[in-house]
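**Student:** One predicted model, sequence on top.
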Amino acid sequence: MTDRSRFRVATFNANSLRARLHIIIPWLLDKQVDVLCIQETKVQDQDFPEDTFEKIGYHVVFRGQKSYNGVAIASRHPVEGISFGFNDNERLDEDEARLIRCKIDGIHLVNTYVPQGKAIDHPHYQMKLRWFDRLKKLFETDYSPDENVLWCGDINVAPEPLDVYAPGKKLKHVCFHEAIRKALAKVREWGFIDLFRKFHPNAKEYTFYDYRIRNAVKNGLGWRIDQIYTSRPLAAMALDCWIDLEPRLAEKPSDHTFLVADFDLDH
DNA sequence: ATGGTCGACTCTCGA
């Protein structure tokens, strides 16, 4: 896996980028990652640790806000066509800190931090439902399923019962409620392949473990709410997709893990 | 598992 055609992409909800640099920087170097999509950076642009990434050979593009949200993409390859948020007429300021797009090595990348939604009877849940509708429109208007498109990030939805522990008890949870799973399914209908599921159809593996649950990893009390989706042509070039628990097992852990995918861009 | 822990920032909110 050292040939030039190998392309490794990862996604990570940092829950404060600056608080996770001790995990992210060594990991990028150790795992030879080409592109890392980051969510919940929780850092304003003027305070972004750009030098830390530049020093290890990564370009980084980002948009953040104080305390909440924030997205970034770190890349060893040149980054083109950077944009933030949606282009529709429902624009919210925070959308720019939740959706970042660019093109790297001929691959169209969309990195999202989907709103969590709070509770199914809260206005934020309606906003979350609309967010997926807007995302579906964005893919329909700006991309073709024939292109190499990769959409990843903290999707904040477990797509299927297999993707959350005790699914029967999560039916009213904003990350598993029927309406939100249907909204996500409609975006997926654009032509996306869920890469983790492509390679691990029956795996009960999760990308997020709540801090508040003791021994959550050991007891399998997690959620697969971070995902990497690709168009069919790009999925055909995928070699594997897996969850790296390193951030969750670190001495000063994160609640999310790394989700990684490898591609052979020559095939 | 049926509670609780982090991170950012004021002290309580968001996840």
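**Tutor:** Good, I have the coordinates. Numbers count the residues shown, from 1 in each chain, chains lettered A, B, ... in the order given.
**Student:** how many other residues sit next to the closest residue to DNA strand B within the stretch 51-200 of chain A?
**Tutor:** For the stretch 51-200 of chain A and DNA strand B, the shortest gap (Cβ to the nearest atom of the strand) falls at residue A:166, measuring 3.1 Å. In this view, the C-beta of every residue, glycine as well, is placed from N, C-alpha and C. As a burial measure, residue A:166 scores 9 neighbours (other Cβ atoms under 10 Å).
**Student:** Against residue A:224, how distant is residue A:250?
**Tutor:** From residue A:250 across to residue A:224, the span is 20 Å (Cβ to Cβ, to the nearest Å).
**Student:** ugh, wrong one, residue A:165
**Tutor:** 10 Å.
**Student:** next one: residue A:256
**Tutor:** For residue A:256, the distance to residue A:224 - Cβ to Cβ - is 11 Å.
**Student:** what ranges do the strands span in the stretch 151-267 of chain A?
**Tutor:** A:193-194, A:226-230, A:238-244, A:258-264 (DSSP state E, counting those that start in this stretch).
**Student:** With respect to burial, which of those scores highest?
**Tutor:** Neighbour counts (mean count of other Cβ atoms under 10 Å) averaged over each of those peak at strand A:226-230, with a mean of 25.
**Student:** residues making contact with that one?
**Tutor:** Strand A:226-230 is touched from outside by A:9, A:11-13, A:148-155, A:159, A:188, A:192-196, A:207-208, A:238, A:241, A:256-257, A:259, A:261, with contacts defined as Cβ atoms under 8 Å, 6 or more residues apart in numbering.
**Student:** Mark which of these are buried, thanks.
**Tutor:** A:9, A:11-13, A:148-155, A:159, A:188, A:192-196, A:207-208, A:238, A:241, A:256-257, A:259, A:261 (16 or more other Cβ atoms under 10 Å).
**Student:** Show me what residue of the stretch 1-150 of chain A gets nearest to DNA strand B.
**Tutor:** Per Cβ to the nearest atom of the strand, residue A:16 is where the stretch 1-150 of chain A lies closest to DNA strand B, at 3.0 Å.
**Student:** Nearest to the spatial middle of chain A, which residue is it?
**Tutor:** residue A:153 (1.1 Å; Cα atoms, centre = their mean).
**Student:** Let's see the pLDDT reported for the residue of the stretch 51-200 of chain A closest to DNA strand B.
**Tutor:** The score at residue A:166 is 97. That number is its pLDDT.
**Student:** for residue A:177, same thing?
**Tutor:** Predicted confidence (pLDDT) for residue A:177: 98.
**Student:** Nearest residue to it in space, please, no chain neighbours.
**Tutor:** Counting by Cβ to Cβ, 6 or more residues apart in numbering, the nearest residue to residue A:177 once its immediate chain neighbours are dropped is residue A:120, at 5.3 Å.
**Student:** so that neighbour touches residue A:174, yeah?
**Tutor:** Yes - between residue A:120 and residue A:174 there is a contact at 5.9 Å, judged by Cβ atoms under 8 Å.
**Student:** So if I had to pick from those two, which one is more boxed in?
**Tutor:** Using other Cβ under 10 Å, the more surrounded residue of residue A:120 and residue A:174 is residue A:174, with 22 against 17.
**Student:** so the more buried one sits right up against residue A:158, yeah?
**Tutor:** No - with contact defined as Cβ under 8 Å, residue A:174 does not reach residue A:158; the gap is 10.7 Å.
**Student:** overlap in contacts of the two?
**Tutor:** With Cβ under 8 Å, 6+ apart, residue A:174 and residue A:158 have no common neighbours.
**Student:** just the angle between the longest helix seen in chain A and strand A:226-230, please?
**Tutor:** In terms of residue count, the longest helix belonging to chain A (DSSP state H) is helix A:123-142. Here helix A:123-142 points in a direction 20 degrees away from that of strand A:226-230 (axes from the mean of the first three to the mean of the last three Cα atoms, to 10 degrees).
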